[in-house]
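this is a predicted model, with the sequence first.
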Amino acid sequence: MTQQASAAEDALPSDAVEVGRVLGAWGIKGGIKVKAFSADPQALFSTKRWYLQPPETLRPGIAAVPLPPLLRVVQAREHGDVVVATVQGLDDRSAAEALRGARVFVPRTSFPTPDDGEFYWVDLIGLTVADRAGAVLGQVIGLIETGPHCVLRIQPEDSVVAEVLIPFVGAYVDTVDEDARRITVDWNIGD
């Protein structure tokens, strides 16, 4: 394989989604601990290629360390509330510890297919939200995990309200049409 082909293979895919963060070393043989951003870390298990990016901000007094752009995962599994993984070429605790804080990305195309009525947060962000009468309430800018259910964060169009929060449950969400990029809800901003 040429160096140019290897660089292209190591490049962050255009559909990359941040799915976790390296917490540090696990064990003495170069294993790493990753905090998944989802309660169900299946996106991390869906591919053996994890792409790394540096943290958005560095801890005070810590210099930026060059990161490998791509980790080739040998094995990954859940271990309590983290994912532990062994990676090709990462053979000791010091090398694993150097990855602390790195953001972990995987291509969206490698995510497992969700069941009917299930959605990945990344697929909901940017969708237009409208009430049953067709009035546009705004766009989904994020979600909040509350434990029992998620809450849609809606940025209203031309409103004095900074943000609208709508529980992502059947009582309020009528339909999610990913093809039309639209969510219909039983909600009124005046409520």
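Looks like it arrived, so ask away. Numbering: from 1, shown residues only.

report pLDDT for the nearest residue to G27 once chain neighbours are set aside.
Nearest residue to G27, sequence neighbours excluded (C-beta to C-beta, 6 or more residues apart in numbering): R93, at 7.2 Å. Every residue, glycine included, has its C-beta placed from N, CA and C. On pLDDT, R93 comes in at 93.

how many residues are close by P112?
Residues near P112, counting by other C-beta atoms under 10 Å, number 11.

just checking, it touches P41?
No: using C-beta atoms under 8 Å, P112 is not in contact with P41, being 10.9 Å away.

re the thing from before, for the residue nearest to G27, give its distance to K33.
Computed as C-beta to C-beta, to the nearest Å, the R93 to K33 distance reads 12 Å.

more crowded one of the two?
Shown here are R93 and K33; by other C-beta under 10 Å, K33 has more neighbours (22 against 17).

tell me which helix or strand that one sits in.
Assessed by DSSP states H and E, K33 sits inside strand 31-36.

returning to what we had before: what sits against the residue nearest to G27?
A25, G27, I28, K29, G30 (C-beta atoms under 8 Å, 6 or more residues apart in numbering).

just say helix, strand or coil for the third one.
Applying DSSP: H, G, I helix; E, B strand; the rest coil to I28 yields a three-state assignment of coil.

quick one: the closest residue to it other than its chain neighbours from A25, how far?
Among residues not flanking I28 along the chain, R93 sits closest, at 5.0 Å (C-beta to C-beta, 6+ apart). In this view, R93 and A25 are 5 Å apart by C-beta to C-beta.

what does P55 give?
For P55 relative to A25 (C-beta to C-beta), the value is 16 Å.

between the two, which one's more packed in?
A side-by-side neighbour count of P55 and A25, using other C-beta under 10 Å, places A25 first with 21 against 15.

for stretch 156-170, what is the distance to the chain centroid?
Stretch 156-170 sits 22 Å away from the centroid of its parent chain (C-alpha atoms, centre = their mean, to the nearest Å).

I'm done for today, thanks for sticking with me.
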